[in-house]
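Undergrad: Sequence and predicted structure below; questions after.
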Amino acid sequence: MNYLSTRNKDLRMSATQAIAKGLAPDGGLLTPAVLPRLPASAVETLKAMSYQQRVVYIMNSFLEGFAASELTAYAAEAYGGGKFSHEDVAPIRKVDDNTYCLELWHGPTCAFKDMALQILPYLLAASMEKNDEKRTVCILVATSGDTGKAALEGFRNVDKTKILVFYPKDGVSDIQELQMITQEGGNVGVSSVVGNFDDAQAGVKMLFADEALAETLAERGYFLSSANSINWGRVLPQIVYYASAYCDLLKAGAINKGEPINVCVPTGNFGNILAAYYAKEMGIPINKLICASNQNNVLTDFIKTGTYDRNRTFYNTISPSMDILISSNLERMLFELSGRNDKQVREYMSQLAEYGSYRVDTSIRTKLTRLFGAGSCDDVQSKAMIAKMWSEHEYLIDPHTAVAFQVLEDYRNETGDGTMTITVSTASPFKFCDSVLDALGVQQRLDGIEILDQLSSRTGVPVPMPLARLKNRQRRFSGVVEKSGMRDCVLDFLK
Ligand SMILES: *Cc1c(COP(=O)(O)O)cnc(C)c1O
């Protein structure tokens, strides 16, 4: 199967090239030339499979150039061997008669980024080999928390790869910092950068644009790459859990064969909900895609009005992984909704770059409102939802998941739509202890690692293993650099 750019359909490449490159040379997003349709028997077949087998079944049709035996090996490495604390990998949990929650945080870093970043390194390393790439790739990441740790854990000790993560000195939580500076593995590096996330990200962008640096590294046998969420190798593994969740609902007797469901997804960069759309297009009976935003509600407005406008106040919220005003993966959605009109996508994206806004035509608007529900809520509402889920269902959820439950409640009140719905849970509540304890009315909150036990004793919910283990982990990285020192840091790391 070929991949093409959302900005130019004539620009085509193979699956291995799409994964190795990450982004099309014209700035467009690489997208499958055709979306495979699942056979009518797929759900029955998938239902009997393990999660790892479901991965192979779904991903195979997108990845020409990979043998099923190769994918089987990657799936076993990525999702087996005790890497996930739940044997279903992405289990569903019943909330009430027409609501289930899909838990995507049982991986090694307790956030949903693990679902893709556990398998991407294998896809990337194999793609490089198949493309005859002899050099070693060094993944550079600037992170505000979740992505850096998930990427470190995914790339840890994967052949022909190295990974170097920069995080803002004062921009991540104590737990997140501890997760990164205790990272194990022979091919990993971590450094903090003086400043905020924007400084770290601007620094990494400069490194990618530095041709002299690229030349020096090439002489040493390295090239730089990123693992960001627009890489097709990060979207594809996310399609699997929607198909998987549908099968698990059937298995649980919660729905009948062929019965459509809704999904409600806490959304930032639009990668997760885009995967749900692809699952639907492939034939999984999904009806509405409900897009949930925090106070940064640029997507809610877009879906409701047809105008995307990033010219607005940016809010730092208690669901930081959704604090985004440019949702990059939306470009793939526009490509599909415009009937794969690359010229139109190019036009919208250049308006976005120039004016920070664009307005889609009536045909796209009609499709948008037919496909999507949308809503947003603020921190006060998401904290209230955390408290409510705890008191009514004894279900402890994180602030991102709380946004989705709040938006689902509003959507149901507004529309009366009582369809069975899967709400997607994207992080363990223990990654956000401070906000969760606050929501539960605890005024005196502890610092550092102690807060994990505080949340656990308050609720009786055990601390997830990967976080509990941080206590005994050795601190391996203590480097702090100025933005101007990041270049030397890379040269030193790739000696
Ligand atoms: C990344 C992330 C999101 C947003 O996912 P997108 O694919 O960017 O829409 C939501 N919640 C958590 C906890 C995340 O880490």
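TA: Yes, it's here.
Undergrad: ok, whichever residue of the stretch 101-250 of the chain sits closest to the ligand to residue 398 distance?
TA: With distances taken as C-beta to the nearest ligand atom, the stretch 101-250 of the chain approaches the ligand most closely at residue 146, which sits 4.0 Å away. In this view, the C-beta of every residue, glycine as well, is placed from N, C-alpha and C. Residue 146 sits 11 Å away from residue 398 when distances are taken as C-beta to C-beta, to the nearest Å.
Undergrad: Comparing these two, which shows the higher neighbour count?
TA: When neighbours are counted by other C-beta atoms under 10 Å, residue 146 and residue 398 differ, and residue 398 comes out ahead with 27 against 24.
Undergrad: Now for that one: which residues touch it?
TA: For residue 398, the set of contacting residues under the criterion of C-beta atoms under 8 Å, 6 or more residues apart in numbering consists of 105, 319, 386, 425-429, 431-432, 436.
Undergrad: For residue 117, what are phi and psi?
TA: As for residue 117, its main-chain torsions (degrees, to the nearest 10) stand at phi -80, psi -10.
Undergrad: quick one: it and residue 47, what's the gap?
TA: 27 Å.
Undergrad: Next: residue 402.
TA: In this structure, residue 402 and residue 47 are 31 Å apart, going by C-beta to C-beta.
Undergrad: who's more crowded, those two?
TA: The residue with the greater number of neighbours, taking residue 402 and residue 47 and applying other C-beta under 10 Å, is residue 402; the counts read 33 against 16.
Undergrad: ok, that one to residue 386 distance?
TA: Taking C-beta to C-beta as the criterion, residue 402 is separated from residue 386 by 5 Å.
Undergrad: what's the answer for residue 315, then?
TA: According to C-beta to C-beta, residue 315 stands 18 Å off from residue 386.
Undergrad: now do residue 162
TA: Computed as C-beta to C-beta, the residue 162 to residue 386 distance reads 39 Å.
Undergrad: more crowded one of those two?
TA: Set residue 162 next to residue 386 and count neighbours by other C-beta under 10 Å: residue 386 wins out with 28 against 20.
Undergrad: can you tell me which helix or strand the more buried one belongs to?
TA: Element membership of residue 386, judged by DSSP states H and E, is helix 379-393.
Undergrad: So what touches that helix?
TA: 95-96, 294-295, 317-319, 377, 395-399, 402-403, 405-406, 409, 429, 435-436, 438-441, 459.
Undergrad: So which of these are in helices?
TA: Assigned to helices by DSSP state H, the following of those qualify: 399, 402-403, 405-406, 409, 435-436, 438-439, 459.
Undergrad: Would you list the buried entries among those residues?
TA: Buried members of the ones in helices among the contacts of helix 379-393, scored by 16 or more other C-beta atoms under 10 Å, are 399, 402-403, 405-406, 409, 435-436, 438-439.
Undergrad: Return the member of the residues you listed nearest to residue 467.
TA: Within those, the smallest distance to residue 467 is 13.0 Å, found for residue 436 (C-beta to C-beta).
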